[in-house]
Each structure stands twice: as C-alpha cells, then as structure tokens.
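Colleague: Any chance you could fold what I've pasted below:
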Amino acid sequence: MKRRTIYFIVSAVLLAVVFVADLLVGSSGIGLGDLFRTDLGRDILLQFRLPKALVALVCGACLAVCGLQMQTLFRNPLADPYILGVSSGAGLGVALYIMGTSLFGASKSLILNSLGSAGAALAGALLVTLLLLYVSGRVKGSLTLLIFGVMIGFIASALVNLLQYASNAHSLKAYVLWTMGSFAALDGIQITVLCVLAFAGLALAVWNIKDLNALLPGEEYASSVGLNVKRIRTRILISTTLLSGAVTAFCGPIGFLGIAVPHIARFIFKNADHRVLMPASALLGAVLTVFADTVAELPGTGSVIPINTVAALLGIPVIIAILFRKN
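Modeller: Here you go, the predicted structure:
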C-alpha cells in the first residue's frame, strides 16, 4: 500500500474520531449516558450537536480548499481565503444589517428580518465578487487583482469602523460576537444553503485542479502552453468566493485555518500535485475544524470559547513556522 494512501486512511479515521468526540463533548451538563437515554439528551444530540459538527466539517473543508487555491493563484504561502476582500464585504453587509439599521432609524420588521445576518453577509460578498470579476477581466496579472482586493478590504473595514464608532452598545456587542465565529444556531434552511454553496464551490475547485497544476510554474508558463489565464483566474475567483462567502455568511470570519491547512497537507503528503493536495487539504481542514469546535466546548460550564480564538491558536504556530522556514 502506498504511503499516500495510508495518510488518507489515517486522516479519515482521525476525522471520524474527532467528529464523534464533537458529538459527545458539550458545554451543557448532560452526561454521556443521558445523551442516549433521555429525551432531552437526544434532542441536544440531534438538534444541536450533530448539525454543529456537520457545519464545522463542511466549513473546514471549504476554508482549506479555498486557501489552497489562493496560495497557488497568487504564489504566496501566506494567502488565505479572505485575501480578496470577500470576507470584508460580508462583514460590511452584517455591520449594515446589525448597526446601520438602528443608526439610521431603519426598520427590520419586513425585508431585513427575513434577510437576517447571513443574507446581509451573502449580499456584501456578492457585491465584492461582482467588482472582482469586473476587474479580473481587465487586468493582466494576478498581482493587480490582489492589490485591488486588499484595497476593497481596507475600504470595507473603514466603513465598519465608522459604524462601530457611531452605533449603540447593544448593536456593537452583537456585531463583535458575530466576528468571533460560531458553527451553532443554524437552522435547517441555513445548513441546506450552506451545503449547496459549499458543494458548488468544491465542485468548481475540482474542475480547476488541472489548471492549478499549470499555474504552479507561473502565469507566464500557463499562457505559453495555450491556457487562458484570465478564464482560469475567473473560475478560481468564483470558487473561492462561493466557499469563503458561504462560510463567512453563516459562521462568521473564521481565520488562520485557510492559511495553515494547505501547508500541513504539503508537509504530510510531500506532494505539490493538486490531485493529491486538494482532497488532502479538504480532509485535514475538516479534521482540524471539527477538532477546534470540540476544543472550544467547556464541558459542564455552559460556556464556549469563540471558534476564532481556537482557530488562531491552532493556525498561528504553523504560520510562524512557515516564516522561519522561508528565512
């Protein structure tokens, strides 16, 4: 059996282990036996913990695949799923929904109430995506697109800061809690929409595998062998937007994992071929995100550590190691 196959099997087993652990560990005072013996325990298991673990699994795979595509497209080891400003656009949408409505005296009773934070985030991410697609078709190199995306992020962050400065304490706290990230409190419709967007983004990422391998030596090489680099860039952009936009809209801006996981996959599998790296990154991303969700629970306390805090503690050591390795 090839070593690569063994690594995939071990990763799949780890995913099963951490997934079960995420189901069994929780902040409530329900014991392991009560999860299966009592109606309350079964309700907590099936209506709260199982959906939360599934969402964590999907989001981990999305962020890892998104980060892998970004690092290959921009040839930057520290590129992450939110480098193009899509997350910032989603954050601005949520900020306008939470803080802007109260600030400008708008009512949430009709359209906004049905839209919700997730809908506002998707709207903000879609607007940024349209701008990026417009620019992508008119620039030659990915560096210009990268700079444009970073500038969008700065503009969105500046507008959010203005809203934070002028908003009341209640709205400000609600927005800050959203930025900490959470895999919980999603209903069936939201989970369905998240999974549909994730499937579309992952399917497009699989379609991009051959082109991603061609981009490894650089865009000039890809152009020299007859590939349409602008078209490839557009497809990668749509895929990463679907993946990062869906995760941000429903779970908040989950950082660091998108940077760290592709490097972990490269280190373990010792391969630069995206036919290996993409499934490996998706699998390891799911493992680490479900593990982070398990660690975030504080059994018996009724408290949960923000998922972004745990993700940072897992991802930052990898990023530091990359920096030292580059030096």
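Colleague: What distance do you get for residue 193 to residue 247?
Modeller: 12 Å (C-beta to C-beta, to the nearest Å). Quick note: C-beta positions are derived from backbone N, CA and C, even for glycine.
Colleague: Compare those two (neighbour count), which wins?
Modeller: residue 247 (34 against 17; other C-beta atoms under 10 Å).
Colleague: My guess is the more buried one contacts residue 61. True?
Modeller: No. Counting by C-beta atoms under 8 Å, residue 247 stays clear of residue 61, with 9.9 Å between them.
Colleague: contacting residues for residue 132?
Modeller: Listed by C-beta atoms under 8 Å, 6 or more residues apart in numbering, the contact partners of residue 132 are 84-86, 145, 148-149, 152, 237, 241.
Colleague: tell me the SS of it?
Modeller: Of the three states, residue 132 takes helix under DSSP: H, G, I helix; E, B strand; the rest coil.
Colleague: Let's see the pLDDT reported for it.
Modeller: For residue 132, the pLDDT comes out at 84.
Colleague: Show me the strands in the chain, by range?
Modeller: With DSSP state E, the ranges of strands along the chain come out as 297-298, 303-304.
Colleague: so what's residue 284 scoring on pLDDT?
Modeller: So residue 284 comes in at 95 (pLDDT).
Colleague: Give the buried residues for stretch 86-105.
Modeller: Within stretch 86-105, the residues scored as buried using 16 or more other C-beta atoms under 10 Å are 86-103.
Colleague: I misspoke; the intended subject was stretch 270-286.
Modeller: Here stretch 270-286 shows 274, 276-286 as buried, counting by 16+ other C-beta under 10 Å.
Colleague: cool, stretch 242-253 as well?
Modeller: For stretch 242-253, by 16+ other C-beta under 10 Å, it's 242-253.
Colleague: Give me the mean pLDDT for it.
Modeller: What stretch 242-253 shows for mean pLDDT is 89.
Colleague: what distance separates that stretch from the centre of its chain?
Modeller: Mean C-alpha position of stretch 242-253 versus that of the full chain (C-alpha atoms, centre = their mean, to the nearest Å) differs by 6 Å.
Colleague: Is there a neighbour count for residue 231? I'd like the number.
Modeller: Residue 231: 12 neighbours (other C-beta under 10 Å).
Colleague: try residue 183
Modeller: By the measure other C-beta under 10 Å, the count of residues near residue 183 is 28.
Colleague: before we move on, the earlier item: which one among the buried residues of stretch 270-286 gets closest to residue 211?
Modeller: residue 274 (9.0 Å; C-beta to C-beta).
Colleague: Was I right to think that closest one contacts residue 73?
Modeller: No. Counting by C-beta under 8 Å, residue 274 sits too far from residue 73 to count as a contact (11.5 Å).
Colleague: Now do the shared contacts for these two.
Modeller: Joint contacts of residue 274 and residue 73 (C-beta under 8 Å, 6+ apart) are residue 212.
Colleague: circling back: residues shared between the contacts of residue 247 and residue 61?
Modeller: Listed as contacting both residue 247 and residue 61 by C-beta under 8 Å, 6+ apart are residue 198.
Colleague: any chance you could map the helices in the stretch 1-150 of the chain?
Modeller: Using DSSP state H, counting those that start in this stretch, the helices found in the stretch 1-150 of the chain span residues 3-24, 32-37, 39-44, 50-74, 86-95, 101-103, 111-136, 142-166.
Colleague: So for residue 258, which of those sits nearest?
Modeller: Among those, the nearest to residue 258 by C-beta to C-beta is helix 50-74 (3.3 Å).
Colleague: pLDDT of the closest one, averaged?
Modeller: Averaged over helix 50-74, pLDDT sits at 93.
Colleague: for that helix, packing partners?
Modeller: Here helix 50-74 touches helix 3-24, helix 142-166, helix 188-207, helix 209-215, helix 229-251, helix 257-269, helix 274-296, going by 3 or more C-beta pairs under 8 Å, 6 or more residues apart in numbering; DSSP states H and E.
Colleague: Distance to residue 48 added to these, as a markdown table?
Modeller: Formatted as a markdown table, these follow (distance: least, C-beta to C-beta, whole Å):
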| stretch | distance to residue 48 |
| --- | --- |
| helix 3-24 | 10 |
| helix 142-166 | 30 |
| helix 188-207 | 12 |
| helix 209-215 | 36 |
| helix 229-251 | 15 |
| helix 257-269 | 23 |
| helix 274-296 | 12 |
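Colleague: number of nearby residues for residue 169?
Modeller: By the criterion of other C-beta under 10 Å, residue 169 has 7 neighbours.
Colleague: so residue 52 makes contact with residue 22?
Modeller: Yes. When contacts are counted by C-beta under 8 Å, residue 52 is listed as touching residue 22 (7.5 Å).
Colleague: Look at these two and report which has more neighbours.
Modeller: Remark: of residue 52 and residue 22, residue 22 carries more neighbours, 26 against 22, as counted by other C-beta under 10 Å.
Colleague: which stretches of the stretch 201-327 of the chain have low pLDDT?
Modeller: Within the stretch 201-327 of the chain, the stretches with pLDDT under 70 are 298-303, 323, 326-327.
Colleague: I'm done for today, thanks for sticking with me.
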